[in-house]
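**Student:** got a sequence here, can you build the structure:
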Amino acid sequence: MKVEFLSCPVQASLKVLGREWAFLVITSIALFRANRYNDMLRAMPGLSKRLLSLRLKELETAGFIVRAERRRGFVRWGLTVKGADVVPILLTMVRFGAKWYADELFDDRSPRALGEIFDEGFIRRAFGIRPRRGPRARAGPARSGVPVA
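**Tutor:** A predicted model of the protein is given here:
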């Protein structure tokens with residue numbers, strides 16, 4: 001390593017993200033577009049109302065999510081810049097799960113590539129890959145180390 005850490009960066013990241021359901025709340029907002037309280041409860045069977053409220057408060061306090069819209073009767077949650085930085089990690093976990101746990105995830109039990117699950121534009125934006133422009137840009141995903149298909 002080129003630098004000395006005071007403590008483990010993974011451990012520091014997991015102080016909030018490693019809490020029960022925290023990662024799944026961000027997944028709900030970022031990938032499943034379930035960004036309202038009741039939508040999140042439906043998207044995550046087994047999550048109690050109390051625990052969802054607690055995680056939303058913790059994730060907001062830690063700067064991962066923000067109340068993007070507040071109307072009478074509901075709040076719509078959105079990701080902050082910090083929360084959006086978690087999306088590539090989520091997609092990497094989706095890719096891993098779709099490959100190694102396909103028998104639990106898909107009816108045909110066949111592994112899937114990320115490009116078979118999400119739109120290529122979404123994947124490129126999530127990983128910060130610039131849009132393709134012209135024939136030279138075709139090598140973009142390979143250079144970035146993020147296979148889309």
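**Student:** strands of the protein, start to end?
**Tutor:** 65-71, 74-79 (DSSP state E).
**Student:** any idea which of the ones you listed is most buried?
**Tutor:** Burial of those is given as mean neighbour count (mean count of other CB atoms under 10 Å); strand 74-79 ranks first at a mean of 16. Any C-beta I mention is one placed from the backbone N, CA and C, and that applies to glycine too.
**Student:** show residues contacting that strand.
**Tutor:** Applying CB atoms under 8 Å, 6 or more residues apart in numbering, the contact partners of strand 74-79 are 26, 29-30, 35-38, 56, 64-70, 86-87.
**Student:** what's the mean pLDDT across that strand?
**Tutor:** Strand 74-79 shows a mean pLDDT of 94.
**Student:** ok, stretch 44-62 next?
**Tutor:** The model assigns stretch 44-62 a mean pLDDT of 96.
**Student:** quick one: that stretch to chain centroid distance?
**Tutor:** Mean-position distance between stretch 44-62 and its chain equals 16 Å (CA atoms, centre = their mean, to the nearest Å).
**Student:** can you dump the C-alpha atoms of stretch 117-128 in CSV for me?
**Tutor:** The C-alpha trace of stretch 117-128 is given here as CSV (Å, rounded to 0.1, in the frame of the first residue of the first chain):
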residue,chain,number,x,y,z
ILE,A,117,-30.5,-7.2,-16.0
PHE,A,118,-30.0,-3.4,-16.4
ASP,A,119,-30.0,-1.0,-19.3
GLU,A,120,-26.5,-0.3,-20.6
GLY,A,121,-26.9,3.4,-20.1
PHE,A,122,-27.8,2.9,-16.4
ILE,A,123,-24.7,0.7,-15.9
ARG,A,124,-22.4,3.2,-17.6
ARG,A,125,-23.7,6.1,-15.5
ALA,A,126,-23.4,4.1,-12.3
PHE,A,127,-19.8,3.2,-13.0
GLY,A,128,-19.0,6.6,-14.3
